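> Have a look at this prediction, sequence included:
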Amino acid sequence: MPSESARATSGSEARFRVDYPNSMPRLVKVIALDEISRSRVDQIAALPWTHAAFFTLLLLEKAPASLSESAAVRAWLRGIAGEITSLIEEIDDADLVVMLASAGSNAEAALLIGEACHMRKVTAIGLMLRDAETTDAMTARTLKTMRPFVTMLVTVSDAEYIKEMLNALRA
C-alpha cells in the first residue's frame, strides 16, 4: 500500500492541484506614530519591499472629539523620501495598514488612522515597540490608546521582528 505522500504526488491526484499561488500579496501601508518608531520605519524601509509603503503621520491639526471624515481628510502623511500625501488617499488603495508606536508615546494618531481604516473597511494592526527601559505604565498607556483602533496589537522588542511580521503579512 503506498504512503500518503506517494499517493498525493501520483498522476491521478495531480488533477486536483491548484496551478496558481494560494495567496496574493497585500498592499501594506506602514505608518510610524512617533519619533522612535519613525527611526525603526526608516531602517526597515531601506530593505527591498515589493508591496509596502512607509510613512510618518503629520498631524496638521488636532482631531475633534468625535472624528468625522473631514478630520481624517486633513491628516497628511510624509513618505520616507519626504513626499507629502493624504492619509485618505493612501488608505483607499491599501489592503492593510500597520501602525507602529513606541511604548509610552502619545499614540493618539491611531484614532485618525483607525477610524479612516474602519470607514474604508481596511484592516489596521498595531505594533508597539518596547525596550529594556519600558515600564508597565508606559506600555499600558500606549496599549490603551491604540487598542480600540486596531484588530491586532503586538508588542515588539526587536526591529527584526517588525521585518518578519511584514513578511508574514505578505508586504
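Nice, thanks for sending it over.

> The protein: helices as residue ranges?
Counting by DSSP state H, the chain has helices at residues 4-8, 11-14, 35-45, 69-73, 87-92, 109-120, 136-146, 159-168.

> Stretch 86-95: which residues count as buried?
Buried residues in stretch 86-95, counted by 16 or more other Cβ atoms under 10 Å: 87-88, 90-91, 94-95. Any C-beta I mention is one placed from the backbone N, CA and C, and that applies to glycine too.

> ranking the helices of the chain by burial, who's on top?
Stretch with highest mean neighbour count among those: helix 109-120 (a mean of 21; mean count of other Cβ atoms under 10 Å).

> picking up where we left off before, now the helices of the chain in CSV, please, with extra columns for distance to Leu129.
Listed next are the helices of the chain as CSV, based on distance: least, Cβ to Cβ, whole Å:
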stretch, distance to Leu129
helix 4-8, 43
helix 11-14, 47
helix 35-45, 6
helix 69-73, 25
helix 87-92, 21
helix 109-120, 14
helix 136-146, 9
helix 159-168, 8
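
> Lowest mean pLDDT across the ones you listed, which one is that?
Of all those, helix 69-73 carries the lowest average pLDDT, namely a mean of 49.

> Taking the centroid of the protein, which residue is nearest it?
Val98 (1.1 Å; Cα atoms, centre = their mean).

> Tell me the spatial nearest neighbour of that one, not counting adjacent residues.
Leaving out its chain neighbours, the residue that sits closest to Val98 by Cβ to Cβ, 6 or more residues apart in numbering is Val30, at 4.6 Å.

> related to what we said a few turns ago, so which of the helices of the chain is nearest Ile80?
Of all the helices of the chain, it is helix 35-45 that lies closest to Ile80, at 4.6 Å by Cβ to Cβ.

> gap between the closest one and the chain center?
Helix 35-45 sits 13 Å away from the centroid of its parent chain (Cα atoms, centre = their mean, to the nearest Å).

> Dump that helix to CSV, restricted to CA.
Output in CSV follows, covering the C-alpha atoms of helix 35-45 (Å, rounded to 0.1, in the frame of the first residue of the first chain):
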residue,chain,number,x,y,z
GLU,A,35,10.0,59.7,16.5
ILE,A,36,11.3,56.4,17.9
SER,A,37,9.1,54.3,15.7
ARG,A,38,10.0,56.6,12.8
SER,A,39,13.7,55.7,13.1
ARG,A,40,12.7,52.0,13.0
VAL,A,41,10.5,52.6,10.0
ASP,A,42,13.4,54.3,8.2
GLN,A,43,15.6,51.3,8.8
ILE,A,44,13.0,48.8,7.7
ALA,A,45,12.0,50.8,4.6
